[in-house]
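Chemist: Below: sequence and its predicted model.
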Amino acid sequence: MTPAQIIARKRDGGTLTVAQISEVVGGYVRGEIPDYQMAALAMAILLRGMNASETSLLTAQMLRSGETLQWSSPLPPKVDKHSTGGIGDKTSLILAPLLACCGLQVPMLSGRGLGATGGTLDKLESISGFRTDLNLAEIRELTERVGCVITGTTPELVPADRKLYALRDVTATVESIPLITASIMSKKLAENLSALVLDVKWGSGAFMKTLDQARELAQSMVAVGNRMGVRTTALLTDMNQPLGRMAGNAVEVNECVDVLRGGGPADLRDLTLALGAELLVLTEVEPNAEAATSRLARMLDNGTALDKFREMVSAQGGDLDELRDVAPVHELTSPRAGFVVAIDTAQLGWAIIELGGGRKVLSDQIDTSVGIEMLVRLGDEVSRGQPLVRIFSPPRRIADVQPMLESAITIADQPQPVQPLIAERIT
Ligand code: URA
């Protein structure tokens, strides 16, 4: 079949075979299939969908487009977590060292901010000297020696996704469940893992606005992971308000250090423990979630996880103990008494970007010292004049974001039901 015939088959709602998927992905990476044909196919997939077997085949072909991480031994088990992203979502920084303390190895390949959400690599770069550009040999060496790394992906891993994602970004074809599944899962499968947990967020600060959309994406990714031999589960988690109190870069690292010391906000600690427990059970290191959770909690409370984080930071060239700059504080107060009933969480993310804490264009330099601290949560009763948000910013920028932050928080006379932190578990 010619590329045009393959596109037409998908356009008409047909199912693509392994040979057809392999021809287009291979041809695209080799430069034989031009961007305009791949864009047409991506749009046909967005409109017509793909069944579970096609999605797995697409993921496998994308995975095959590059190298994969090779380990000197499959043991200790290699594990990772992927989050679909949110505001204040910083669990990776806590989870990687925490799992390493429990005998697992974590080659965590992370990303930069996407849309309104912050990126793990940007947060880590607020630590003086920290390198996020490890090469394949360094990733392997540090994962096996320290037990964990958090770094960016490398050019050798899944080149098909690098090329296809850039194309999807400019052709309105990002929001397709099979394409998102293949993109995320091919990169995770390239780490050669024993187990993977997915944190699929839903709500006002998430990529997926409804629980139904998040469930559909989670089911698709869990099916592909398990079909391809990696034990995979997902948690559907709430992103109708920021996770933890801090959102930004340096302030998020500081909050992670609090959790690694056994303190920090309860929602951040609880979600990190739940994600970690999934991996300890999937790898059979612990027999059940209760045993796994209490082991993980112990590692936070006795300082072992913080020591491991410090070791990882130093192995990646950073100094955790050098004070990170945090911009001056300004408080935003409530215009009225009532209950916090809604938070436009993405708007909070856009405000942080406006402050310079994220990029508007790829070449922007991030100011890691800016951010916000949420002083209230959904369901809280507030009085008039009570502080709602602490803004960390040079004073001259406050006026740019104050209206955005004010309009992001809705106060009403009557409280509304609050969503659970973990809505569902997908296996
Ligand atoms: N993140 C990815 O890595 N890929 C997608 O397609 C969407 C989000």
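Modeler: Perfect, I can see it now. Numbers count the residues shown, from 1 in each chain.

Chemist: ok, and the residue of the stretch 51-200 of the chain found nearest the ligand, which helix or strand is that part of?
Modeler: The nearest approach of the stretch 51-200 of the chain to the ligand comes at Ser183, 3.4 Å away (C-beta to the nearest ligand atom). Placement of C-beta: from N, CA and C, glycine included. For Ser183, the host element (DSSP states H and E) is helix 177-189.

Chemist: quick revisit: wait, what's in contact with the residue of the stretch 51-200 of the chain closest to the ligand?
Modeler: Ser183 makes contact with 62, 161, 164-165, 168 under the criterion C-beta atoms under 8 Å, 6 or more residues apart in numbering.

Chemist: do Asp380 as well
Modeler: Contacts of Asp380 by C-beta under 8 Å, 6+ apart are 339-340.

Chemist: in the stretch 301-427 of the chain, which spans are helices?
Modeler: In the stretch 301-427 of the chain, the helices defined using DSSP state H, counting those that start in this stretch lie at 304-315, 345-355, 395-408.

Chemist: shouldn't Val259 be in contact with Asp267?
Modeler: No: Val259 is beyond contact range of Asp267, at 10.5 Å (criterion: C-beta atoms under 8 Å).

Chemist: Around the ligand, pick out the residues from the stretch 101-250 of the chain.
Modeler: 165, 174, 179-180, 183-184 (C-beta under 6 Å from any ligand atom).

Chemist: Could you check how far the residue of the stretch 51-200 of the chain closest to the ligand is from Pro335?
Modeler: 42 Å (C-beta to C-beta, to the nearest Å).

Chemist: Just put the contacts of Ser183 in JSON lines and tack on secondary structure.
Modeler: Shown next, in JSON lines, are these (DSSP: H, G, I helix; E, B strand; the rest coil):
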{"residue": "Met62", "secondary structure": "helix"}
{"residue": "Asp161", "secondary structure": "helix"}
{"residue": "Leu164", "secondary structure": "helix"}
{"residue": "Tyr165", "secondary structure": "helix"}
{"residue": "Arg168", "secondary structure": "helix"}
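
Chemist: circling back: tell me which two of the residues of the stretch 101-250 of the chain next to the ligand sit farthest apart.
Modeler: Val174 and Ile184 (11.7 Å; C-beta to C-beta).

Chemist: Spell out the residue ranges of the strands in the stretch 301-427 of the chain.
Modeler: Counting by DSSP state E, counting those that start in this stretch, the stretch 301-427 of the chain has strands at residues 329-333, 338-343, 371-374, 381-382, 387-392, 409-412, 422-426.

Chemist: just to revisit the earlier point, nearest to Met208 among the residues of the stretch 101-250 of the chain next to the ligand?
Modeler: Nearest to Met208 among these: Ile180, at 9.5 Å, using C-beta to C-beta.

Chemist: can I assume the closest one is in contact with Glu216?
Modeler: No: here Ile180 lies out of contact with Glu216, judged by C-beta under 8 Å, at a distance of 10.3 Å.

Chemist: Looking at those two, which one has more neighbours?
Modeler: Ile180 (20 against 15; other C-beta atoms under 10 Å).

Chemist: Quick one: residues contacting that one.
Modeler: By C-beta under 8 Å, 6+ apart, the residues touching Ile180 are 174, 217.

Chemist: Got the domain ranges for this structure?
Modeler: With domains defined by automatic domain parsing, the chain comprises 3-49, 79-315, 329-412.

Chemist: For these, give me JSON lines that also has distance to Ala423 and mean pLDDT.
Modeler: Output for the domains of the chain, formatted as JSON lines (distance: least, C-beta to C-beta, whole Å; pLDDT from 0 to 100):
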{"stretch": "domain 3-49", "distance to Ala423": "24", "mean pLDDT": "97"}
{"stretch": "domain 79-315", "distance to Ala423": "5", "mean pLDDT": "97"}
{"stretch": "domain 329-412", "distance to Ala423": "14", "mean pLDDT": "96"}
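
Chemist: Tell me which of the ones you listed sits most buried.
Modeler: For the domains of the chain, average neighbour numbers computed from mean count of other C-beta atoms under 10 Å are highest in domain 79-315, which has a mean of 22.

Chemist: Which secondary structure elements does the helix or strand following the helix holding Ser183 sit against?
Modeler: Downstream of helix 177-189, the first helix or strand assigned by DSSP H and E is strand 195-202. Contacts defined by 3 or more C-beta pairs under 8 Å, 6 or more residues apart in numbering; DSSP states H and E place strand 195-202 against strand 79-83, helix 211-227, strand 231-238, helix 266-282, strand 422-426.

Chemist: what's the angle between strand 195-202 and strand 79-83?
Modeler: Here the directions of strand 195-202 and strand 79-83 differ by 10 degrees (axes from the mean of the first three to the mean of the last three C-alpha atoms, to 10 degrees).

Chemist: What distance do you get for Ile426 to Ala218?
Modeler: Going from Ile426 to Ala218 by C-beta to C-beta gives 4 Å.

Chemist: Show me the common contact partners of the two, please.
Modeler: Both Ile426 and Ala218 are in contact with 198, 200, 234, 236, where contact means C-beta under 8 Å, 6+ apart.

Chemist: Could you identify the most distant pair in the contacts of Ser183?
Modeler: Spanning the widest gap among the contacts of Ser183 are Met62 and Arg168, at 12.4 Å by C-beta to C-beta.

Chemist: still on that earlier bit, can you check which residues contact both of Val259 and Asp267?
Modeler: Common neighbours of Val259 and Asp267 (criterion: C-beta under 8 Å, 6+ apart): Gly244.

Chemist: Can you tell me the closest non-neighbouring residue to the most centrally placed residue in the chain?
Modeler: The chain has Ser83 as the residue nearest its centroid, 3.2 Å off, counting by C-alpha atoms, centre = their mean. Spatially, and ignoring its direct neighbours in sequence, Ser83 is nearest to Asp199 (4.0 Å; C-beta to C-beta, 6 or more residues apart in numbering).

Chemist: what about the one you found, distance to Gly276?
Modeler: To Gly276, Asp199 is 11 Å away according to C-beta to C-beta.

Chemist: Ok, Thr210 next?
Modeler: To Gly276, Thr210 is 27 Å away according to C-beta to C-beta.

Chemist: Over to Val200?
Modeler: Distance from Val200 to Gly276, by C-beta to C-beta: 16 Å.

Chemist: ok, back up a step: need the helices and strands packed on strand 195-202 in JSON lines (columns: distance to Gln316).
Modeler: Below are the helices and strands packed on strand 195-202 laid out as JSON lines (distance: least, C-beta to C-beta, whole Å):
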{"stretch": "strand 79-83", "distance to Gln316": "17"}
{"stretch": "helix 211-227", "distance to Gln316": "27"}
{"stretch": "strand 231-238", "distance to Gln316": "27"}
{"stretch": "helix 266-282", "distance to Gln316": "20"}
{"stretch": "strand 422-426", "distance to Gln316": "30"}
